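Student: fold the following, please.
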Amino acid sequence: MTVISVTVAGGSGKFGNKVVRALLADNSYQVSVLSRTGSKNENLDHLREQGARIVTVDYSRHEDVVRALQGTEILISTLFHYAAIEFQPALFRAAKEAGVRRVVPSDFVSDHHQMQSVIYRDPAATERAIAEAQLEYTRYHCGVFYRYLTTPYIGVDIEKRKVSVVGKGDIRFSVADEDDFARFIAASIKDPRSKNTKLGFESTSITFLELIAAIEKHIGAKLE
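Tutor: Presented below is the predicted three-dimensional model:
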């Protein structure tokens, strides 16, 4: 069996470490994790113990990133949205110079234009960065992660018993379990059909009214 060399940028983060663990569990990959210089994230030690190679890197130094990516076939970026906006274009340029053949951008939200516009000031920036680097790509899109469903990010403030509903709240939207999504990435990125395409993932769908009802039942109180 051919082993694929994969490097994960942001691999010690909340979602990134799940992707790294899923890749390691698959046994099809040799996995490296890019860690910012000075980072003391405890996830790094756990990932190292499970077999990941930890590579310290200064994202602001092009030659440092190129060095860190030497020997990598696929680069998966799991940088948080704001960090991805800042670092991803330079990261992809370094990947090209290092001989990386494919990139997976940190673009793990709905592919719907309106959602892209909410998350990113320039929704086309990722596509341009990939095109400019002239690399293969696989773009993954998914629904809202479960952990955001009970936060002000989605319009729910459990502590204040407040909720903000846009429209009637009866339109279904996709949600995603992060562990399942990470396993989906690990299972699909090695498939030749994943080259230069977009793949969507959904654990289930729910309406905002259904979400509110479920929260109210769980906490035993009404949301205003």
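
Student: only C-alpha atoms for contact and neighbour calcs from this point on.
Tutor: Will do.

Student: burial measure for L223, as a count.
Tutor: Around L223 there are 18 other residues, counting by other CA atoms under 10 Å.

Student: look up phi and psi at the residue most central in space within the chain.
Tutor: Nearest to the mean C-alpha position of the chain, by CA atoms, centre = their mean, lies T78 at 4.1 Å. Main-chain dihedrals, T78, degrees, to the nearest 10: phi -120, psi 30.

Student: how far away is it from Y59?
Tutor: Using CA to CA, to the nearest Å, T78 is found at 14 Å from Y59.

Student: lowest-scoring secondary structure element of this structure by mean pLDDT?
Tutor: Lowest mean confidence among the helices and strands of the chain (mean pLDDT, DSSP states H and E): helix 113-119, at a mean of 52.

Student: how about the helix or strand that that helix is followed by: buried residues?
Tutor: Using DSSP states H and E, the helix or strand that directly follows helix 113-119 along the chain is helix 125-133. For helix 125-133, the neighbour count (16 or more other CA atoms under 10 Å) marks T126, A129, I130, A133 as buried.

Student: closest to H218 out of those residues?
Tutor: Nearest to H218 among the buried residues of helix 125-133 is T126, at 38.8 Å by CA to CA.

Student: helices or strands next to the helix or strand where A90 lies in the packing?
Tutor: Using DSSP H and E, A90 sits within helix 81-98. Applying 3 or more CA pairs under 8 Å, 6 or more residues apart in numbering; DSSP states H and E, we find helix 81-98 packed against helix 62-69, strand 74-77, helix 125-133.

Student: rerun that using 10 Å as the cut-off
Tutor: strand 4-9, helix 62-69, strand 74-77, strand 102-104, helix 125-133 (3 or more CA pairs under 10 Å, 6 or more residues apart in numbering; DSSP states H and E).

Student: hmm, back to that, mind putting the buried residues of helix 125-133 in a markdown table, distance to P105 and pLDDT included?
Tutor: Output for the buried residues of helix 125-133, formatted as a markdown table (distance: CA to CA, whole Å; pLDDT from 0 to 100):
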| residue | distance to P105 | pLDDT |
| --- | --- | --- |
| T126 | 7 | 83 |
| A129 | 9 | 88 |
| I130 | 8 | 91 |
| A133 | 12 | 92 |
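
Student: would you format these as CSV with distance to E73 included?
Tutor: Output for the buried residues of helix 125-133, formatted as CSV (distance: CA to CA, whole Å):
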residue, distance to E73
T126, 19
A129, 18
I130, 15
A133, 15
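
Student: show me which of those is closest to V166.
Tutor: Nearest to V166, judged by CA to CA, of these is T126 at 28.0 Å.

Student: contacting residues for that closest one?
Tutor: By CA atoms under 10 Å, 6 or more residues apart in numbering, T126 lies in contact with A84, I85, Q88, P89, F92, P105, S106, D107, Y120, E132, R139.

Student: from F92, how far off is it?
Tutor: According to CA to CA, T126 stands 10 Å off from F92.

Student: same question for R172.
Tutor: 35 Å.

Student: picking up where we left off before, and the helices and strands packed on helix 81-98 as JSON lines, adding distance to H218?
Tutor: JSON lines is the format used below for the helices and strands packed on helix 81-98 (distance: least, CA to CA, whole Å):
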{"stretch": "strand 4-9", "distance to H218": "36"}
{"stretch": "helix 62-69", "distance to H218": "46"}
{"stretch": "strand 74-77", "distance to H218": "35"}
{"stretch": "strand 102-104", "distance to H218": "37"}
{"stretch": "helix 125-133", "distance to H218": "39"}
